[in-house]
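Participant: Predicted model and sequence below, questions to follow.
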Amino acid sequence: MLSSSIVVLFLASANAPSLLYQTYESAWHAGALIGTIAFATYAVAVIGGLLWLDRLSERLGRRAVLLTSIGCQVIALALFTLAGSFVPIFIGRALQGLASGAVFGTLSAIMIESDKERGPIASAASPGTGSGIGALLSGFLIQYVPGPTHTIYLVLGSILLVQGVLVFRLLPAPGRQPTSVLSLKPRVSVPPHARAVFIACAPVIFVVWGLSGFYAALSPALLRALAPEAAGWQSALPLFTLLGTATVMTVVLRHVSGRAVTVVGLLMTLAGLGVTVAALASSSVGLYLTASVIAGVGYGPGFQGPIRMVTAGASDRDRPALMAAVFVVAYLGLGAAAIVPGALTSAGIPLTRVAAGLAIALAVLGAVALVTVVRAKGKVESDAD
């Protein structure tokens, strides 16, 4: 499915620089907080795109907006390739975020419209698939291919250009509608019939995407701290394991009710966070990778379930704004889980202590989210299942 593959490539491109931040920091004599700011720039820009640019597809047509977003992604990757300081990195990350925010709601809506049963599954599985592929591919290319700060971006940019050609050929070009500044006012809304479900599911989405932010921002450095002799590509294993397992679970549980999947996701997320704390306390790489598997079993259902619950019964007109609301909550969780640890480690607090504290905080929030979903059982089931 073209829409799903675009989400995969956008997220792969977004995660490709993660393993290179320490290389950049050493080469450009920057502090650890700089990498965190670059990560946060992307998350904030995604939210900005979701809030202000998501309606462009209604005014200019889906094909025009998708082509523009793909073009912005290619420009961002070119900036990364030519970067000699963090300034092009920041600009590129902002471009990536705005491009992603402009189309994520629309792409999710296209997936769900095209197949009411498998569309929500594809929408939930695509972000994790893209992030995991981006991290692992970046790790292998950094380790084994010359020009590690260039090759990954050239590969991803080439694939994006092919996708742009497919979008141009396969999607229709409807007539342009009048566009004004007022038409671009933030449009992230939840239809009245879905509000109770959304309120119950929002904490779940925040926690599971906070979990992915934890792994994206901290796991490469954590693995190197636990195993200094590990190869560069191995530092991508925790994130790839988390997201690969999540994708598998999204498919395996596709026929289970949305609420049951959400509860399973939260329980396994809590278990994964607990094993993570134990792994950090014992400095065990094996236990940390085990925690990645368990957390991945939670992350997949923990995002798939809320999407299925929230979008049940939503009209084609309401769905893009509703999915934008879902992704705003998701990226708030991801951004918070990346920014706070970066600030704390820059203040001199040991990385493993920061990671353990973040895992405990996410576990507490996850427990609260579980109670919220269980208590909302009657109303959620009547609205969503």
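Facilitator: Great, that's in hand. Residues are numbered from 1 along each chain as shown.

Participant: so where's the stretch 51-200 of the chain uncertain?
Facilitator: Applying pLDDT under 70 to the stretch 51-200 of the chain picks out residues 54, 124, 173-188.

Participant: again, only using 80
Facilitator: 51, 54-60, 105-106, 108-110, 112-139, 141-143, 148, 171-189 (pLDDT under 80).

Participant: Please state the offset of the helix ranked longest in the chain from the chain centre?
Facilitator: Ranked by residue count under DSSP state H, the longest helix found in the chain is helix 195-226. The chain centre lies 9 Å from the centre of helix 195-226; the measure is Cα atoms, centre = their mean, to the nearest Å.

Participant: again, but for stretch 29-49
Facilitator: When distances are taken as Cα atoms, centre = their mean, stretch 29-49 is centred 14 Å away from the chain's centroid.

Participant: what does it rub up against?
Facilitator: With Cβ atoms under 8 Å, 6 or more residues apart in numbering as the test, stretch 29-49 has contacts from 14, 17-18, 21-22, 24-25, 86, 89-90, 93-102, 104, 213, 216-217, 327-328, 331-332, 334-335, 338-339, 341-343, 345-346. In short, each C-beta sits where N, CA and C put it, glycine included.

Participant: picking up where we left off before, and the longest helix of the chain, what other elements does it pack with?
Facilitator: When contacts are defined as 3 or more Cβ pairs under 8 Å, 6 or more residues apart in numbering; DSSP states H and E, helix 195-226 sits against helix 32-52, helix 119-144, helix 237-252, helix 258-282, helix 285-311, helix 319-346, helix 351-375, helix 377-384.

Participant: repeat that for 7 Å
Facilitator: Packed against helix 195-226 by the contact rule (3 or more Cβ pairs under 7 Å, 6 or more residues apart in numbering; DSSP states H and E) you find helix 237-252, helix 258-282, helix 285-311, helix 319-346, helix 351-375, helix 377-384.

Participant: Where does Ala64 sit: helix, strand or coil?
Facilitator: helix (DSSP: H, G, I helix; E, B strand; the rest coil).

Participant: Distance check, it against Val155.
Facilitator: Per Cβ to Cβ, to the nearest Å, Ala64 is found 26 Å from Val155.

Participant: residues making contact with stretch 266-285?
Facilitator: 204, 207-208, 211, 223, 226-227, 287-288, 290-291, 294-295, 297-299, 302, 352, 355-356, 359-360, 362-363, 366-367, 369-370, 373 (Cβ atoms under 7 Å, 6 or more residues apart in numbering).

Participant: Pull out the buried positions in it.
Facilitator: For stretch 266-285, burial by neighbour count (16 or more other Cβ atoms under 10 Å) applies to 266-280, 284-285.

Participant: what does stretch 151-158 give?
Facilitator: Across stretch 151-158, burial judged by 16+ other Cβ under 10 Å covers 151-153, 155-157.

Participant: out of these, which are inside helices?
Facilitator: Using DSSP H, 151-153, 155-157 are the members of these that sit in helices.

Participant: Those residues: which two are farthest apart?
Facilitator: Across these, no pair lies farther apart than Thr151 and Gly157, at 10.7 Å, counting by Cβ to Cβ.
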